[in-house]
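Student: Sharing a model that was predicted from the sequence below.
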Amino acid sequence: MMDDAPQMSDKAAAYAPTAESLRAHAAPDWFRDAKFGIFVHWGPYSIPAFAPHKRAMDQLGDAGGEVSFADTPYSEWYQNTMLFEDGATAAYHRATYGEDYSYERFGEAFNAALEGWDPVSWAQLFKRSGARYVVLVTKHHDGFVLWPSDVENPNKAGWHATRDVVGELAAAVRAEGLKFGVYYSGGVDWTFKHKRIESFADFMVSMPGEAEGYTAYANAHYDELIERYQPDYLWNDIAYPSAQASFDILAKYYNTVPEGLTNDRWITPDGILPEGAFDKPEGLTGLLPPMPQVWDARTPEYGMFDRILPFQWETTRGMGHSFAYNRNETDEDYITRDGIAAMLARSACFNGNVLLNVGPRGDTRIPPGQASRLEAIGAWLGAVGPAIQDTRPVALPETEVAGVPIGATRNGNTLYLHLFGVPGAVSLDIRLPEGVAEVRSVRQLQGAVTDWSTEAGTLHVTVPQWADTAVQILEIEDKG
């Protein structure tokens, strides 16, 4: 057990392995306060680090709207994408490594590079970014495991990291005061079953299960992750082979780490779909996984919500169009500092978090363009953090002011109004939310307010020059 890991509750087991019992769990306050986390995709796929396109996943649809995985921008899908013989990835693989060079050799190269890895420098950078939690991919779809598991892969011996990447990064992250979570690809493992995935419809037929001996294998992995590292966040991907197995895992997890949480990617072939499992809430952009029976936070991919919904959510995306490092992406492909700031402000206003991915290179270095953005957003949060972190969303009477979308957050007696853009006027009338008793002061973060007054629930404010940022934030102190 790691010294800084969350300690198991002394209370009797509070959760039973049933959907009804598990649904009583809710996202903890630390997660709601954090607003910002770092995702890390890093594995054998980081050695070739190649994906054929820079377009976003949701822009790859054909005339019928179906996404072709031959064109996926996700470089972590290299092992699958190289199976499209006429595709760019297969051509790159042949030209760079040769026709007979197996994907398994990337595991050898990854382990060789691991000798020079410095997890502490990563953790320190993540701390400087202002993020409050880190989620590491411990096993992606290629089945490569990033910890010294006692559960041997029956189909590919030695397919694991030679260092305890999970444990070492967990210790480094927690030493910086950050929470630590683990991602696990529960629904896809190409070492057990790999039918070439060509579209989203192929996911379920490519999912291994009881017949392949995968259910017990994945369960045993989750047992290890929970017992050894007591992760603050259990982030499953794609799906899971058995509903009851998922309930067993989550009951063990919640009883071990009561202040932990899980995401919404636990749909199972044998499970009961809840009502509205495939609904897309109004105001959604990007991809949203189908809703399982048990979850704490919804996880839109490369997407957001534009209104307050009655649940916690977390948008996730890469710096560019890939999660893992893609050598085809340049600095221009990465999201800007202002783009990240806008995501953080919008998510805070509408009950969400941002899980921004970092894709380290195969040589263990975080690309300079990605590192510089983490430093920049950390500086921005240093100036406006109280308007984002440790806040709760506030419903406003209007969604737009002077042609600019608006949202709000609150922390105690301080209300923050977020304008997502630069208004075309310097004087604005903004209708205040219910509960504002008596305004005592108004100021603009990173700017100046020259005049303000309130009348009949409306704030009249003059800002001579709006800040040079994607988000304009007004701080309002009220009597409460």
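Tutor: Happy to help now that I have it.

Student: Which helix runs longest in this structure?
Tutor: Counting residues, the longest helix found in the chain (DSSP state H) is helix 368-388.

Student: That one packs against which elements?
Tutor: Packing contacts for helix 368-388, counted by 3 or more CB pairs under 8 Å, 6 or more residues apart in numbering; DSSP states H and E, involve strand 36-40, helix 119-128, helix 337-349, strand 404-411, strand 414-419, strand 439-445, strand 472-478. Glycine gets a C-beta too; all of them are placed from N, C-alpha and C.

Student: Mind doing that once more with 6 Å?
Tutor: With contacts taken as 3 or more CB pairs under 6 Å, 6 or more residues apart in numbering; DSSP states H and E, helix 368-388 sits against helix 337-349.

Student: Report the angle between the helix it packs on and strand 404-411.
Tutor: On the basis of axes from the mean of the first three to the mean of the last three CA atoms, to 10 degrees, helix 337-349 is oriented at 60 degrees to strand 404-411.

Student: how about residue 107, secondary structure?
Tutor: Three-state assignment for residue 107 (DSSP: H, G, I helix; E, B strand; the rest coil): helix.

Student: Residue 146 versus the closest residue to it other than its chain neighbours, what's the distance?
Tutor: Leaving aside its chain neighbours, residue 107 sits nearest to residue 44 (4.6 Å; criterion: CB to CB, 6 or more residues apart in numbering). Here the criterion is CB to CB, to the nearest Å. By it, residue 44 lies 10 Å from residue 146.

Student: same deal with residue 303?
Tutor: 27 Å.

Student: Neighbour count for those two, which is higher?
Tutor: Neighbour count, other CB atoms under 10 Å: between residue 303 and residue 146, residue 146 has more, with 25 against 17.

Student: average pLDDT across stretch 46-56?
Tutor: Confidence over stretch 46-56 (mean pLDDT, whole number) is 86.

Student: and the closest residue to residue 410 other than its chain neighbours, how far is that from residue 418?
Tutor: Using CB to CB, 6+ apart and skipping the chain neighbours, the partner closest in space to residue 410 is residue 394 (4.9 Å). Taking CB to CB as the measure, residue 394 falls 10 Å from residue 418.

Student: neighbour-wise, which of the two wins?
Tutor: Counted by other CB under 10 Å, residue 394 and residue 418 do not tie: residue 418 has more neighbours, with 25 against 19.

Student: per the record, what domains does this protein have?
Tutor: 19-388, 394-478 (automatic domain parsing).

Student: Turn those into a markdown table, columns for distance to residue 13.
Tutor: Shown next, in a markdown table, are those (distance: least, CB to CB, whole Å):
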| stretch | distance to residue 13 |
| --- | --- |
| domain 19-388 | 5 |
| domain 394-478 | 35 |
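
Student: ranking these by burial, who's on top?
Tutor: domain 19-388 (a mean of 19; mean count of other CB atoms under 10 Å).

Student: End to end on it, go ahead and measure it.
Tutor: Start and end residues of domain 19-388 are separated by 33 Å (CA to CA, to the nearest Å).

Student: Three-state assignment for residue 100, please.
Tutor: Once three-state DSSP is applied, residue 100 turns out coil.

Student: separation between it and residue 159?
Tutor: Taken as CB to CB, the span from residue 100 to residue 159 is 19 Å.

Student: so what's the residue nearest to residue 107 up against?
Tutor: 106, 107, 110, 144 (CB atoms under 6 Å, 6 or more residues apart in numbering).

Student: What lies in contact with whichever strand or helix holds residue 228?
Tutor: Using DSSP states H and E, residue 228 falls within helix 214-229. The contact list for helix 214-229 (CB under 6 Å, 6+ apart) reads 149, 151, 166, 170, 182, 186, 192, 208-209, 241-242, 245, 249, 252-253, 256.

Student: what helices or strands is the helix or strand just after that helix leaning on?
Tutor: Reading on from helix 214-229 to the C-terminus, the next helix or strand found by DSSP H and E is strand 233-237. Applying 3+ CB pairs under 6 Å, 6+ apart, we find strand 233-237 packed against strand 179-185.

Student: and for the strand it packs on, what are the contacting residues?
Tutor: So strand 179-185 is in contact with 133-135, 137-141, 170, 173-174, 225, 231-233, 235-237, going by CB under 6 Å, 6+ apart.
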